[in-house]
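*Asks:* Output the structure for:
(2 chains)
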Amino acid sequence: AQSVTQPDIHITVSEGASLELRCNYSYGATPYLFWYVQSPGQGLQLLLKYFSGDTLVQGIKGFEAEFKRSQSSFNLRKPSVHWSDAAEYFCAVAGRNGGSQGNLIFGKGTKLSVKP
Amino acid sequence: DSGVTQTPKHLITATGQRVTLRCSPRSGDLSVYWYQQSLDQGLQFLIHYYNGEERAKGNILERFSAQQFPDLHSELNLSSLELGDSALYFCASSVALGQGMRTDTQYFGPGTRLTVL
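*Replies:* Numbering: from 1, shown residues only, chains lettered A, B, ... in the order given. From the prediction side, this is the model:
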């Protein structure tokens, strides 16, 4: 079955420290990969996406993610976390061929807390 | 601001009632997706419409239905509401996603928080 696993439910980092959020997926073929962020009481904002090409993708707010096919992973990273990064982060996958495969399958999310 | 609008922002109703959630996609987007976010189930895909036609169904209950109108806005109808239907309902839109076309990025609205008492 298609699924996305985010092993860390809650992570706390100090402001200025580096961050890595893990994401593993199970899918029949290489899917499209996304990271979304949800601030409290807000909708989902797209951080970055991987469709093809360079496996290291850059996103907004200084985030990047690396696709590793051999590990079925798409981990999100940021070199220096800001207090405003505190939010919940969702990894998602979708099939490449649209139609019935185009919907997003989400992980359970990782809640990020930032210590001053 | 993603350009996707949803109304109302909050909805409080009683068990057994029926409600309608509305979504307006980004200008030019033909596809609309509905998702439900709940504490126990997380974010789950409900249904997808493309240019007025239903394209895919996910974990959508029979008590729920949706449609997309000629002006491309969409409505999600929830009937015979139960306590467990309390959740955040998101709509997302993408440029063009018909059968056989490539998947595209989905942009999410702010959501409608439904509380069933």
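
*Asks:* Would stretch A:6-21 count as contacting chain B?
*Replies:* No. Figure legend: stretch A:6-21 not in contact with chain B (Cβ under 8 Å from any Cβ of the partner chain); closest approach 9.9 Å. (Glycine included, C-beta is placed from N, CA and C.)

*Asks:* how long is that stretch from one end to the other?
*Replies:* 8 Å (Cα to Cα, to the nearest Å).

*Asks:* Need the contact partners of it.
*Replies:* Under the criterion Cβ atoms under 8 Å, 6 or more residues apart in numbering or on different chains, residues A:22-24, A:35, A:75-83, A:85, A:89-91, A:107-116 lie in contact with stretch A:6-21.

*Asks:* Filter those down to the buried ones and hand me the PyMOL line.
*Replies:* Those of those that count as buried under 16 or more other Cβ atoms under 10 Å in any protein chain shown are selected in PyMOL with:
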select buried, chain A and resi 22+23+24+35+75+76+78+81+85+89+90+91+107+108+109+110+112+114
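
*Asks:* Of the contacts of stretch A:6-21, which ones also sit close to chain B?
*Replies:* Counting by Cβ under 8 Å from any Cβ, the members of these near chain B are A:90, A:107, A:108, A:109.

*Asks:* Residue A:92 is in contact with the second one, correct?
*Replies:* Yes. With contact defined as Cβ atoms under 8 Å, residue A:107 reaches residue A:92; the gap is 7.1 Å.

*Asks:* Quick check: neighbours shared by these two?
*Replies:* residue A:4.

*Asks:* mind checking how far the closest residue to residue B:45 other than its chain neighbours is from residue B:36?
*Replies:* Nearest-residue entry for residue B:45: residue B:58, 3.6 Å, with adjacent residues in sequence omitted and distances by Cβ to Cβ, 6 or more residues apart in numbering or on different chains. In this structure, residue B:58 and residue B:36 are 9 Å apart, going by Cβ to Cβ, to the nearest Å.

*Asks:* between those two, what contacts are shared?
*Replies:* The contact lists of residue B:58 and residue B:36 share B:44, B:46, where a contact means Cβ under 8 Å, 6+ apart.

*Asks:* from the ones next to chain B among the contacts of stretch A:6-21, which two are the most distant?
*Replies:* Farthest apart among those by Cβ to Cβ are A:90 and A:108. That separation is 8.2 Å.

*Asks:* Please enumerate the strands of chain A.
*Replies:* Assigned by DSSP state E, the strands in chain A fall at A:3-5, A:10-14, A:19-21, A:24-26, A:32-38, A:44-50, A:56-58, A:64-68, A:73-78, A:87-94, A:105-106, A:110-115.

*Asks:* show me what contacts the closest residue to residue A:42 other than its chain neighbours?
*Replies:* Closest residue to residue A:42 apart from its sequence neighbours, by Cβ to Cβ, 6+ apart: residue B:110 at 6.7 Å. Neighbouring residues of residue B:110 by Cβ under 8 Å, 6+ apart: A:42, A:43, B:4, B:5, B:6, B:9.

*Asks:* which of the residues you listed are buried?
*Replies:* A:43, B:4, B:6.

*Asks:* Check the first one and give its pLDDT.
*Replies:* According to the predicted model, the pLDDT of residue A:43 comes to 89.

*Asks:* how close does it get to residue B:112?
*Replies:* Going from residue A:43 to residue B:112 by Cβ to Cβ gives 10 Å.

*Asks:* and if you look at residue B:56?
*Replies:* Counting by Cβ to Cβ, the gap from residue B:56 to residue B:112 is 21 Å.
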